[in-house]
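# Turn this into a structure:
(3 chains)
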Amino acid sequence: MDTETGLQLFPERASSVAGDVDALFYFLVAVSVFFVLLIFGLIAYFVWRYRRRSPSDAPAAIHGHLGLELLWTGVPLVLAMFIFGWGAKLYFEVFRPPKEGLDFYVVGKQWMWKVQHPTGQREINEMHVPRGIPVKVTMTSEDVIHSFFVPAFRVKRDVVPGRFVTAWFMATKVGEYHLFCSQYCGTAHSQMTGKIVVLEPADYSAWLSGRSAEPPAVAGKKLFDKLGCATCHQQDASGRGPSLLGVFGSKVQLQGGGKVVADETYLRESVLSPQAKLVAGYEGIMPTFTGQVDEEKLLDLIAYIRSLALPPAPAPRQP
Amino acid sequence: MPEPHGALAQQFEDLEQQHESATLGMWLFLITEIMFFGGLFAAYAVYRSTHPEAWHNGSRHLDVVMGGINTAVLISSSLTMALAVRAAQLSKKTALLANLALTIAFGAVFLGIKAIEYHHKLEAGLVPGRFFTYVGPDLDHLQLFFLFYFIMTGMHAFHMVVGLVVLAVLVVMTLKGRLLGDFYKPVELTGLYWHFVDVVWIFLFPLLYLIGRHG
Amino acid sequence: MSTHSAASYLNASHGIASWLFTRDHKRIALLYLISLSLFFALGGMFAGAIRLELLTPKGNLMSDATYNKMFTLHGVVMIFFFLIPSVPAVLGNFLVPLMIGARDLAFPKLNLLSWYLYMAGALLAVTVAVTGGVDTGWTFYTPYSSTYSNTNVMATAAGAFIAGFSSILTGLNFIVTIHKMRAPGLTWFRLPLFIWAHYATALIQVLATPVVAIALLLVMLERGFGVGIFDPKLGGDPLLFQHLFWFYSHPAVYIMILPSMGVVSEIIAAFSRKRIFGYDFVAFSSLAIALLGFLVWGHHMFVSGQSMYAGLVFSVLSFLVAVPSAVKVFNWTATLYRGSISFDAPMLYALGFIGLFTIGGLTGLFLATLGVDVHVHDTYFVVAHFHYIMVGGALFGYLGGLHYWWPKLTGRLYPHTWARLAAAIIFLGFNLTFFPQFLLGYLGMPRRYHVYPEEFQVLNVFSTAGASVLGIGYLMPLIYLLWSLRSGAKADSNPWNAKGLEWQVSSPPPVHNFDQVPTVTEEAYAYAPADKGGS
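So this is what the prediction gives:
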């Protein structure tokens, strides 16, 4: 973390996309400076050159000039479309996570960030990540909307209750960086901050091994058994509930027509309000688990269901 | 419209300008109403598409007979309203009074039936919030459906009540011998409003009562 | 015509009741002017409290709960009770009938009702400040506003809801008046651009305000009855609120800026004695902005979790809306070419408007750019951007218009040197306050932060220093304008030698504006001697 108190003008650049974002940012700055100089310059020149010299001045009328109108409609339009295209390309780069990477889980709540590592270690308001490896962060909120914002990585994503969102980054520089909540979330919004600690992969492994942990899928399996889910959701589709084998990421046929991709949000809904979207061919007999599992336990359960890959082919489809 | 009818207001040049302004004003007002209900319908559409099952179930709890009767009642009231406008234009005082009274009566019947329906829902524990005691599957989303049912029909009923008050004012004015012939404008504008409120119901009825019936 | 008329609208009748029950659009405009000035002062005080707190990185002036109430009240008061009504309610009310040669608006009683609704809404919302405050931010985002906040959200939302009807009625009145009550010969393309701008604004007021009304109503119902509409725990969707809210609140930005653009067109023409360059393009760009403005609300939600493809559509439309704005700026600049330019206070505000609006508009491009918005969204970059549009744009237009038409409103002249000085101080103070916030945002300082990391302090100190300069700048017009009411020189009917029907009646105008409805034979801004013909 940069703690010098002097005048700072440029944010740290510590992720794989930061440079790309800055390139477009500086291009926009250049465009802006050009037009500001043009408009200010013209105004300054005109008001000086054509200042009123006598109270009886009566300048000739100029109605307009079609060519000029087309010029200053066309040039901004073309420029705007160019910037749009560049920005859109960048947006997909910043938002679309790569296939491979470490899966982190983050739960936001008033007013803290709860982080879980792929191997199960938990932290609050701190997040240790390895340098040079893509990190996917699946997030949800226990209460209001928060926003996961790491300025040095140029990454931001609103964390919305009731659904899962994914952000990703690949840190490129070892160090400590701010983590902010950037969506106003109540009284201590400005204290819902933390730090991201980027370590060399070896240091990260060492850091992990210094802490006991249970991988989320293992914790989820225990919870799954404890809640008695397995009585109905049997592996061989003979139970009263559908088998969960390979269900993650697949398309599920619903009762009354329609299909839905079994992603985190759907699985979460099916635990909390099981009747909302029933799987075709099954009765709506599952009770709700609202109040028994909080967001973190839900993440464990989902991690477990996610680990239940179908034994042979066909491979579960990614959404 | 609150403007004193008959007399030419000082800001206008002639009665024609005054009438045209009043009509345009009324249409603009109805456009704001469309946007207002439009926001509600948009929210309805979003939730119906995310929770089709709950919407389907919720719809089956509604009394389609009562809703159907109410639809007929409202359409009849639109007819009498149109006849009232015609009577005012032709300076037929008795016909105007009779049609205004009929429109009010139809409106009152509609609200009465609506009140009975609301009462049934209360007894069945289907009023969202504290009174929601109904037991069944997927209660959260069923409650959401009924929330929309009450907001949408409630907003509509509120507009009906406003319309009834305006109609009552028109009856008083007619008894005082106004509103006839050249001064029929308030009746026409009230008619526009009344028809609009009817049209809203024409959308509400299938969207709330009938979506659970098609299969 | 040129002397102070004995029976002006100001002295035609006396007593409080003659004001509170007036149907004269000019008196209603003054009622708005007085109440808006009070609410502006109130909103300014909240802003002052915010800037003082941010002088240091630690929250040592007030608690975080108090700070949250301060920025919420600042936003609510400034947006709903100052900026949205500002130019239309004061200058539009006063000038629309005068400019089109009408004796009043089409519905004078409705106009008075608008003022009462505005006051009811504003007072309801402001009593909240005394009775516990509200801390949701002016955006009322759910589920925080609907479920989690323990403050007085109901009353504030109800206040904004009621004031919304005031806005709807004003817009409705303007549309009917402009359609039906133009003087003979005053065709659409002879209308002053001020009228075009107000017409476009009124369209937005009528079409968009009802949608935010329903959104606020749903929040109130959810809070009041404890049922989930936007609460995900009951299957509601918090993002739906954002859609409904921004469907109004983005066009609302154009409710604030378009009338000021109309003001600037009038001022630029009058003080360079020139027809507005490309009149048709400026007029139609107002309509284009109004219409496109309805289709860009989703650019507030690029990181909210809305679909990325929706983001693409909203981004491209947002870029499109930049084009008519650029067209206006270029045409105003071109109007100066070969003009006869004087530097009276209204012109200084108008030139300031063009400059600051240019910066505000260009930084808007950063936010419309998907990949860049991800970084600067919800940071001080956004705060700086919309203050350049709303203060540098809307407020500069309002102040410029107030100075331009002050002689017409009151029949008095103000001291010109003081007015020029005040315009310069406000311009400097404004830039010193808000330019550093662009840098803060790029560095990553989130908005609505009560405590912040130390490395952001230097820029915050600059900003607070600028705010105190700005505060002094705002006080100056208050003093010399009030002074002018009693001691200013009397204005004749046309002190600026400007064109337009409003300058043909005495200052202040008589009660019914025109003894005889004028017949218009020339286009707007016919300043050149040989420019009498139609287009």
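# Please, where are all the strands along chain A?
A:102-109, A:112-116, A:122-124, A:126-130, A:135-141, A:146-150, A:155-159, A:165-169, A:175-181, A:194-199, A:251-253, A:259-261 (DSSP state E).
# closest to residue A:44 out of the ones you listed?
The closest of those to residue A:44 is strand A:155-159. By Cβ to Cβ, the value is 38.4 Å. Every C-beta, even on glycine, is put in place using the N, C-alpha and C of the backbone.
# Flag the shaky bits of chain B, pLDDT-wise.
Applying pLDDT under 70 to chain B flags the ranges B:1-6, B:214-215.
# need the contact list for the residue of it at minimum distance from chain A.
In chain B, the residue found nearest to chain A is residue B:138; the distance is 3.4 Å by Cβ to the nearest Cβ. Contact analysis of residue B:138 by Cβ atoms under 8 Å, 6 or more residues apart in numbering or on different chains lists A:273, A:275, A:276, A:284, B:53, B:54, B:57.
# Residue C:8 now?
Here residue C:8 is in contact with C:411, C:506, C:508, C:509, C:510, C:511 (criterion: Cβ under 8 Å, 6+ apart).
# partner residues bridging it?
Counting by DSSP bridges, residue C:8 is bridged to residue C:510.
# again with residue A:136
Using DSSP bridges, the beta-bridge partners of residue A:136 come out as residue A:103, residue A:168.
# correct me, but it touches residue A:166?
Yes: in terms of Cβ atoms under 8 Å, residue A:136 counts as a neighbour of residue A:166; the distance is 5.9 Å.
# Find the residues that touch each one of the two.
In contact with both residue A:136 and residue A:166: residue A:97, using Cβ under 8 Å, 6+ apart.
# For residue B:93, which residues are in contact?
Residues counted as contacts of residue B:93 (Cβ under 8 Å, 6+ apart) are B:87, B:174, B:177, B:180.
# if I look at the third one, how far off is residue B:102?
For residue B:177, the distance to residue B:102 (Cβ to Cβ, to the nearest Å) stands at 21 Å.
# quick one: which of those two has more around it?
The neighbour count for residue B:177 versus residue B:102, taken as other Cβ atoms under 10 Å in any protein chain shown, is higher for residue B:102 (17 against 9).
# The more buried one reaches residue B:78, doesn't it?
No: if you go by Cβ under 8 Å, residue B:102 and residue B:78 don't touch, sitting 11.2 Å apart.
# Contacts only, for residue C:328.
Shown in contact with residue C:328 (Cβ under 8 Å, 6+ apart): C:261, C:282, C:285.
# So it lies in a strand, does it not?
No: looking at residue C:328 with DSSP: H, G, I helix; E, B strand; the rest coil, it is helix, so not inside a strand.
# what about the longest helix in chain C?
helix C:238-272 (DSSP state H).
# Averaged pLDDT, that one. What do you get?
The pLDDT scores in helix C:238-272 average 92.
# Give me the helices and strands touching it, please.
With contacts taken as 3 or more Cβ pairs under 8 Å, 6 or more residues apart in numbering or on different chains; DSSP states H and E, helix C:238-272 sits against helix B:15-50, helix C:86-87, helix C:193-225, helix C:279-292, helix C:308-336, helix C:345-368, helix C:396-410.
# Could you dump those helices into TSV and include distance to residue B:167?
Output for the helices and strands packed on helix C:238-272, formatted as TSV (distance: least, Cβ to Cβ, whole Å):
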stretch	distance to residue B:167
helix B:15-50	15
helix C:86-87	39
helix C:193-225	24
helix C:279-292	36
helix C:308-336	44
helix C:345-368	49
helix C:396-410	43
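# Out of these, which one sits most buried?
Among the helices and strands packed on helix C:238-272, helix C:86-87 has the highest mean neighbour count (mean count of other Cβ atoms under 10 Å in any protein chain shown), at a mean of 30.
# List the contacts of that helix.
Contacts of helix C:86-87 (Cβ under 8 Å, 6+ apart): C:36, C:256, C:259, C:260, C:262, C:263, C:394, C:395, C:397, C:398, C:401.
# close to chain A, is stretch C:320-327?
Yes: with Cβ under 8 Å from any Cβ of the partner chain as the criterion, chain A is reached by stretch C:320-327 at C:320, C:322, C:323, C:326, C:327.
# Show me which of these is closest to chain B.
Using Cβ to the nearest Cβ, residue C:320 comes nearest to chain B of the residues of stretch C:320-327 next to chain A, at 22.7 Å.
# all helices of chain A, in order?
Going by DSSP H, chain A shows helices at A:18-49, A:66-95, A:201-209, A:216-226, A:264-272, A:295-307.
# Determine which stretch of these is the most buried.
Comparing these by mean count of other Cβ under 10 Å gives helix A:295-307 as most buried, with a mean of 22.
# Just the CA atoms from that helix would do, formatted as CSV, please.
C-alpha atoms of helix A:295-307 as CSV (Å, rounded to 0.1, in the frame of the first residue of the first chain):
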residue,chain,number,x,y,z
GLU,A,295,-24.6,-17.5,2.6
GLU,A,296,-21.2,-19.0,3.6
LYS,A,297,-22.7,-22.4,4.2
LEU,A,298,-24.6,-22.1,0.9
LEU,A,299,-21.3,-21.5,-0.8
ASP,A,300,-19.9,-24.7,0.8
LEU,A,301,-22.9,-26.6,-0.4
ILE,A,302,-22.6,-25.3,-3.9
ALA,A,303,-18.9,-26.0,-3.9
TYR,A,304,-19.7,-29.6,-3.0
ILE,A,305,-22.4,-29.9,-5.7
ARG,A,306,-20.0,-28.4,-8.1
SER,A,307,-17.4,-31.1,-7.2
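# What lies in contact with it?
A:105, A:107, A:109, A:114, A:116, A:138, A:140-142, A:215-221, A:223-224, A:244, A:247-248, A:264, A:267-268, A:271-272, A:293.
# In the stretch 401-535 of chain C, what residue comes closest to chain A?
Going by Cβ to the nearest Cβ, chain A is nearest to residue C:444 of the stretch 401-535 of chain C, at 2.5 Å.
# residues touching that residue, list them.
Contacts of residue C:444 (Cβ under 8 Å, 6+ apart): A:11, A:149, A:151, A:152, A:178, A:180, C:375, C:379.
# which stretches of the chain have low pLDDT?
With no chain named, the answer covers chain A. Using pLDDT under 70, chain A drops low at A:1-6, A:310-319.
# I was thinking of chain C, sorry if that wasn't clear
C:1-6, C:530-535.
# Tell me how far residue A:141 lies from chain B.
18 Å (Cβ to the nearest Cβ, to the nearest Å).
# Show the contacting residues for that residue.
With Cβ under 8 Å, 6+ apart, residue A:141 has these contacts: A:107, A:108, A:109, A:159, A:160, A:161, A:295.
# Please name the nearest non-neighbouring residue to the second one.
Looking back up the chat, that one is residue A:108. residue A:146 (3.7 Å; Cβ to Cβ, 6 or more residues apart in numbering or on different chains).
# Tell me how many other residues surround that neighbour.
For residue A:146, the tally of surrounding residues (other Cβ under 10 Å) stands at 32.
# Quick check, it in contact with residue A:106.
No: Residue A:146 is beyond contact range of residue A:106, at 9.5 Å (criterion: Cβ under 8 Å).
# Show me the common contact partners of the two, please.
Common neighbours of residue A:146 and residue A:106 (Cβ under 8 Å, 6+ apart) are residue A:159.
# Turn the contacts of residue B:93 into CSV, columns for secondary structure and distance to chain A.
Conversion of the contacts of residue B:93 to CSV gives the following (DSSP: H, G, I helix; E, B strand; the rest coil; distance: Cβ to the nearest Cβ, whole Å):
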residue, secondary structure, distance to chain A
B:87, helix, 51
B:174, helix, 54
B:177, coil, 57
B:180, coil, 53
